[in-house]
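Colleague: Pasted the sequence and its predicted model underneath.
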Amino acid sequence: MLLVVTYSEAARTGLRNACRRHDDQVVRRFGRAALLEATAYGAFLALRLRETHGNAVQIERTEPFNEFALVDDAIREAASAYADRDARSTPYASFAAGTDHPDPDVMKRREL
């Protein structure tokens, strides 16, 4: 997919109009950003926006995030347990202390 992010009002308007006219190329809209199909036409739409609006348009190629291939079970389990915690105000570092859940400092340094 192609992620198109806009940084000006004119670029946002251009993105919105492109998405409305070419909805078959839109995977998802996020207001200031959109995911376009990774097709030649999706690239054409993104590049046309950048040609018109210059640095107010950023284009990145993305791939879907497969949590089961990229993330250990322990991290997925920690995320689930933390989401179900009793006290909503407890920060993750305190929640994980003294448990088998991954340490946040270790996770911050570890690449996927």
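Modeller: Here it is on my side, so go on.
Colleague: For the protein, name the helix or strand with the lowest mean pLDDT.
Modeller: Lowest by mean pLDDT, DSSP states H and E among the helices and strands of the chain is helix 67-70, with a mean of 90.
Colleague: to the chain's geometric centre, what's the distance from whichever helix or strand comes after that one?
Modeller: Using DSSP states H and E, the helix or strand that follows helix 67-70 towards the C-terminus is helix 73-83. Averaging C-alpha positions (CA atoms, centre = their mean, to the nearest Å) puts helix 73-83 19 Å from its chain's average.
Colleague: list the buried ones in helix 73-83?
Modeller: 75, 78 (16 or more other CB atoms under 10 Å). Quick note: C-beta positions are derived from backbone N, CA and C, even for glycine.
Colleague: right, and the helix or strand after it?
Modeller: According to DSSP H and E, the helix or strand after helix 73-83 is helix 92-96.
Colleague: So which residues make contact with that next one?
Modeller: 78, 81-82, 85, 101-104 (CB atoms under 8 Å, 6 or more residues apart in numbering).
Colleague: nearest to Arg16, of these?
Modeller: Among those, Tyr82 lies closest to Arg16 (CB to CB), at 35.9 Å.
Colleague: those helices in the protein, which residues are they?
Modeller: Along the chain, counting by DSSP state H, helices occupy 9-21, 40-53, 67-70, 73-83, 92-96, 104-109.
Colleague: Worst mean pLDDT among those?
Modeller: For the helices of the chain, the weakest mean pLDDT is recorded on helix 67-70, namely a mean of 90.
Colleague: outside of that helix, which residues touch it?
Modeller: 76, 112.
Colleague: Could you pull out the buried residues of the least confident helix or strand of the chain?
Modeller: For helix 67-70, using 16+ other CB under 10 Å, no residue counts as buried.
Colleague: circling back to that earlier point, and Arg61, which of the helices of the chain is closest to it?
Modeller: Nearest of the helices of the chain (CB to CB): helix 40-53, 9.2 Å.
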